[in-house]
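J.: For reference, the sequence and a predicted model appear below.
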Amino acid sequence: MITLTEKACDKVKSQLQKRGKGIGIRLGVRTTGCSGLAYTLEYVDTYDAEVGVTNYAQKDFAVLVDAKSDAYLSGLTMDWVRNGLNEGFDFKNPNEKDRCGCGESFRI
């Protein structure tokens, strides 16, 4: 299960509206950084059901996750946060053991 907070949902909806197209987002992980894994997020313009992709549908958009990433993201909560002049999506993942010092990557 993947959960998006109300703020995260509002931000995704506004970004899709700003883009003028899109049906949702695709969340995933990729190998990188000091700790090994990093979160990925991309906007999706079209979607036909794919084997091995789960749609954690929200009220107004799709949240697509491939099977490999789903194992790492199970239980994830995605939020939109502002800290001073910085803002962005924040991922709270119960599977994380730790993050690297720069915060760009994590370890399971």
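T.: Perfect, I can see it now.
J.: Show me which residues of stretch 68-84 are buried.
T.: For stretch 68-84, burial by neighbour count (16 or more other Cβ atoms under 10 Å) applies to 69-70, 72-73, 76, 78-80. To be clear about C-beta, it is placed using only N, CA and C from the backbone, and glycine gets the same treatment.
J.: which residues touch the residue sitting nearest the centre point of the chain?
T.: Centrality entry for the chain: nearest residue to the mean C-alpha point is residue 27, 4.0 Å, by Cα atoms, centre = their mean. Shown in contact with residue 27 (Cβ atoms under 8 Å, 6 or more residues apart in numbering): 2, 39-41, 63-65, 69, 73, 76, 78.
J.: Which parts of the chain are strands?
T.: 3-4, 24-32, 36-44, 53-55, 62-66, 77-83, 86-92, 98-99, 106-107 (DSSP state E).
J.: In terms of mean pLDDT, which of those ranks lowest?
T.: Per-stretch mean pLDDT for the strands of the chain is lowest at strand 106-107 (a mean of 75).
J.: I'd like to know which elements it is packed against.
T.: Contacts defined by 3 or more Cβ pairs under 8 Å, 6 or more residues apart in numbering; DSSP states H and E place strand 106-107 against strand 36-44, strand 98-99.
J.: and among the ones you listed, the most buried is which?
T.: strand 36-44 (a mean of 16; mean count of other Cβ atoms under 10 Å).
J.: Run through who's touching that strand.
T.: 15-16, 19, 22-32, 62, 64, 72, 89, 91, 104-108.
J.: Please produce a ChimeraX select command covering the buried subset of those.
T.: Buried residues within the contacts of strand 36-44, by 16+ other Cβ under 10 Å, are selected in ChimeraX with:
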select :16,22,24,25,26,27,28,29,62,64,72,89,91,105,106
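J.: hey, which helix is longest across the chain?
T.: Counting residues, the longest helix found in the chain (DSSP state H) is helix 6-19.
J.: can I get the CA coordinates of that one in CSV?
T.: What follows is helix 6-19, C-alpha atoms only, in CSV (Å, rounded to 0.1, in the frame of the first residue of the first chain):
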residue,chain,number,x,y,z
GLU,A,6,-3.7,15.6,1.1
LYS,A,7,-0.8,18.1,0.4
ALA,A,8,0.9,15.6,-1.9
CYS,A,9,-2.3,14.9,-3.7
ASP,A,10,-3.0,18.7,-4.2
LYS,A,11,0.6,19.2,-5.5
VAL,A,12,0.4,16.3,-8.0
LYS,A,13,-3.1,17.6,-9.2
SER,A,14,-1.8,21.1,-9.6
GLN,A,15,1.3,19.9,-11.5
LEU,A,16,-0.8,17.8,-13.8
GLN,A,17,-3.0,20.8,-14.5
LYS,A,18,0.0,23.1,-15.0
ARG,A,19,1.4,20.6,-17.5
